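Trainee: heads up, no residue letters with this:
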C-alpha cells in the first residue's frame, strides 16, 4: 500500500483542493491507483490513511464537488442517498443518469396503453417483439413477457378462488 505522502505527491494544488494527476480515472472521473494488480479508489485509500476506516456501505463524498480532489479535509463518508442529495444541491438538479431514469419511469407509468385486447393481439402476432413494441408504445421486454403470459395473462372464464 502506498503512503499518503506518495499519493499526495501525484497531486497538484488548485485553491484548497489537491487535484490528482497520476494514473487513470474510473469511468465517473474519480481517481484510482493500482496496488499490485488491483485498481483501488484513490479517494478511499487517502481517506483511510488520513482519517481512518470507512464504515461498510458508505461512499466517500467531496464537500468541494471536485472529482479529482484528494484533499482529505474535503472528504466525508456518505450513504448513496446523501451523496445524491449533495450532488443535487451543488449542481442544482439530479445527476443526468438518475434524472433520465426517473423521467423514463414516469413516462412508463403515465403512458400505460396496455389492455387485454392489445395483449391478445401481441400473443397472436408472429411479428418481432421490437416491431410490436414500437407499434404499441411498449418496451420490447414487456412484449416478450406478454407472450410468455408473465404480464396480462388470461385466466380461464369463471375461474375464481370463490367458486371452489
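Mentor: Arrived safely, thanks for sending. Keep in mind that what you see is a predicted model, and the values were worked out from it rather than measured.
Trainee: Walking through this structure, point out its helices one by one.
Mentor: Here the chain has its helices, by DSSP state H, at 4-8, 42-51, 80-91, 96-110, 116-124, 129-136, 140-147.
Trainee: what mean pLDDT does the third one have?
Mentor: Mean per-residue pLDDT for helix 80-91: 81.
Trainee: so what's the residue found closest to residue 18 once you drop the neighbours it is linked to in the chain bridging to?
Mentor: Of all residues not flanking residue 18 in the chain, residue 11 sits nearest, at 4.0 Å (CB to CB, 6 or more residues apart in numbering). Using the backbone N, CA and C atoms, a C-beta is placed for each residue, glycine as well. For residue 11, the beta-bridge partners under DSSP bridges are residue 20.
Trainee: Could you measure from residue 11 over to residue 52?
Mentor: Distance of residue 11 to residue 52, computed by CB to CB, to the nearest Å: 20 Å.
Trainee: out of the two, which sits in the more crowded spot?
Mentor: For residue 11 and residue 52, the more surrounded residue by other CB atoms under 10 Å is residue 11, and the numbers stand at 20 against 9.
Trainee: Please name the residues that touch the more buried one.
Mentor: With contact taken as CB atoms under 8 Å, 6 or more residues apart in numbering, residue 11 is in contact with 18-22, 70.
Trainee: ok, so of those, who is nearest residue 2?
Mentor: Proximity of the contacts of residue 11 to residue 2 was ranked by CB to CB; the top entry is residue 22 with 10.0 Å.
Trainee: looking at it, that closest one is touching residue 12, isn't it?
Mentor: No - look at residue 22 against residue 12 with CB atoms under 8 Å: they stay out of range, at 10.2 Å.
Trainee: what about the chain, any weak spots by pLDDT?
Mentor: For the chain, applying pLDDT under 70 flags the ranges 24, 26-28, 93-113, 155-164.
Trainee: and it, what are its domains?
Mentor: 4-91, 109-147 (automatic domain parsing).
Trainee: Using CSV, lay out the ones you listed together with distance to residue 153.
Mentor: Output for those, formatted as CSV (distance: least, CB to CB, whole Å):
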stretch, distance to residue 153
domain 4-91, 36
domain 109-147, 8
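Trainee: which one of these lies closest to residue 154?
Mentor: The closest of these to residue 154 is domain 109-147. By CB to CB, the value is 7.2 Å.
Trainee: Counting neighbours, which bits of the closest one end up buried?
Mentor: 114, 118-119, 122, 129, 132-133, 136, 138, 142-143, 145-147 (16 or more other CB atoms under 10 Å).
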